[in-house]
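Student: model this:
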Amino acid sequence: MRLLFLLLTALLATPAFAETVVLDATAVKNLRLETFTAEETVFEESFFALGRIEPKPDRVAVVSSRIAGRVTTLAAIPGDEVKKGQPVVSVESRQPGNPPPIIELAAPLGGLVTRSDLRLGDPVEPEKALMEIIDLSEVYAIARVPEHLAGRIKPGTRAIIRVAALPDQPFEGDLLRFGTTADRESGTIDAIFRLPNTGGLLRPSMRAEFSIILSQRENVLSVPRSAIQGDAGSRFVYVRHFDLPNAFIKTPVQVGEINDRFAEIISGIFPADEVVTRGAYSLSFVGSGTLSLKEALDAAHGHEHAEDGSELTPEAAAKQAADHKGHDHDHDQEARGLSAWAWVSAVLFVLLLLSLIRRAPRAAN
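Tutor: Take a look at the predicted model:
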């Protein structure tokens, strides 16, 4: 008992052990932990907004016919890329002739065919749009910006834009102008960003998320917001142990400015520290981990350590052996004491029985 008390006291008094979560490889995989290396970078004050992708009005065109007739050839369908001047539809005129005259309708600009309801033999009328083509080499990303923030952004303001279809591929756009009217119900106004669309990955009506940058500061230590845990009065992160595999130290931090992606770290960690991002919340419920600190250090270094994780010097090893020997001696003494007490109790019990037996006949007389 004395050894157990001393061991618990030593462990509780060791901050490194109390704040270290040591896992095995299986636990790391199950938690799907991911880390981020803290570094000093340009920190951006920004705010979040939702919006959509729209084509530029001057890059949308339709194919139409100046004469009435019927469709005889359909050379492009929605999803096809066409070049400017490329024939896309052939129309047989209703004017008399043998054979009737046929005209070819060409694409007025190069781009993506986005709409067409044509079938071979369909009638064609001059007032009917036959096909829509959009040049998507450059698009508009339109953010719904709260009115109270609109005054803080000017033409040329940058935004990092992400779409749900391409979550790992951010795009960068510049503010061109604001919309002509505000939305009275939502209290927002459209902010129109010009966005290059190399590869044509962005399509009209895609939902977009905006990180609109208001200002920048250089040489700021920051980590992703997902790494920050705890409440407002007690923030902390989990830092990968620099020496011990699959070990993470719960580290208090002082947090400064926070934008929609990163948090400024004023104190608590240093550049090059690896902080846990994905899975950080789950680590809070793992406790001390799936391995003891001693087991992890023994496996990592190939020699034995003390229970608190410190190096086991020859003097400490001798003391530990002496403590074990003393514990064994105390245990033997306790066992002998218990044995003697058991014998004394048994003798007293027998004497009590004899006394009761001797008194019984006298009571009968």
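Student: pLDDT weak spots in the stretch 251-365 of the chain?
Tutor: Along the stretch 251-365 of the chain, the model assigns pLDDT under 70 to residues 287-344, 347, 349-351, 353-354, 356-365.
Student: roughly how far is stretch 179-191 from the heart of the chain?
Tutor: 31 Å (C-alpha atoms, centre = their mean, to the nearest Å).
Student: Kindly report the same for stretch 111-123.
Tutor: 43 Å.
Student: Over to stretch 121-140?
Tutor: Taking the mean of its C-alpha atoms, stretch 121-140 sits 42 Å from the chain's own mean (C-alpha atoms, centre = their mean).
Student: With adjacent residues omitted, what lies nearest to the residue nearest the centre of the chain?
Tutor: Nearest residue to the geometric centre of the chain (C-alpha atoms, centre = their mean): Arg278, 5.0 Å. Nearest non-adjacent residue to Arg278, counting by C-beta to C-beta, 6 or more residues apart in numbering: Glu34, 3.8 Å away. The way it works is simple: take the backbone N, C-alpha and C, and place the C-beta from them, glycine included.
Student: Then Val91?
Tutor: Gly69 (4.3 Å).
Student: Tell me which residues touch the one you found, please.
Tutor: The neighbours of Gly69, taking C-beta atoms under 8 Å, 6 or more residues apart in numbering as the test, are 91-94, 100, 103, 123-124.
Student: Need phi/psi at it.
Tutor: When read as degrees, to the nearest 10, the backbone of Gly69 gives phi 170, psi -150.
Student: And Gly111, by the same measure?
Tutor: Main-chain torsions, Gly111, degrees, to the nearest 10: phi 160, psi -160.
Student: do Thr26 as well
Tutor: Main-chain dihedrals, Thr26, degrees, to the nearest 10: phi -70, psi -40.
Student: residues near it, how many?
Tutor: Other residues near Thr26 number 10, with proximity taken as other C-beta atoms under 10 Å.
Student: just the strands in the stretch 101-250 of the chain please.
Tutor: Counting by DSSP state E, counting those that start in this stretch, the segments of the stretch 101-250 of the chain that form strands are 102-106, 111-116, 123-124, 129-134, 138-146, 158-163, 166-183, 188-196, 207-224, 229-231, 234-240, 247-252.
Student: Surely Ser75 is in contact with Lys83?
Tutor: Actually, residue 75 is Ala rather than Ser. No. Taking C-beta atoms under 8 Å as the definition, Ala75 is not a contact partner of Lys83, at 11.7 Å.
Student: which of these two has more neighbours?
Tutor: Ala75 (15 against 10).
Student: Next, the contact list for the more buried one, please.
Tutor: Taking C-beta under 8 Å, 6+ apart as the criterion, Ala75 is in contact with 86-90.
Student: Spatially nearest residue to Ile161, not counting backbone neighbours?
Tutor: Closest residue to Ile161 in three dimensions, ignoring its sequence neighbours and counting by C-beta to C-beta, 6+ apart: Phe171, at 4.6 Å.
Student: can you count the residues close to the one you found?
Tutor: Neighbour tally, Phe171, other C-beta under 10 Å: 21.
Student: Many thanks, have a good one.
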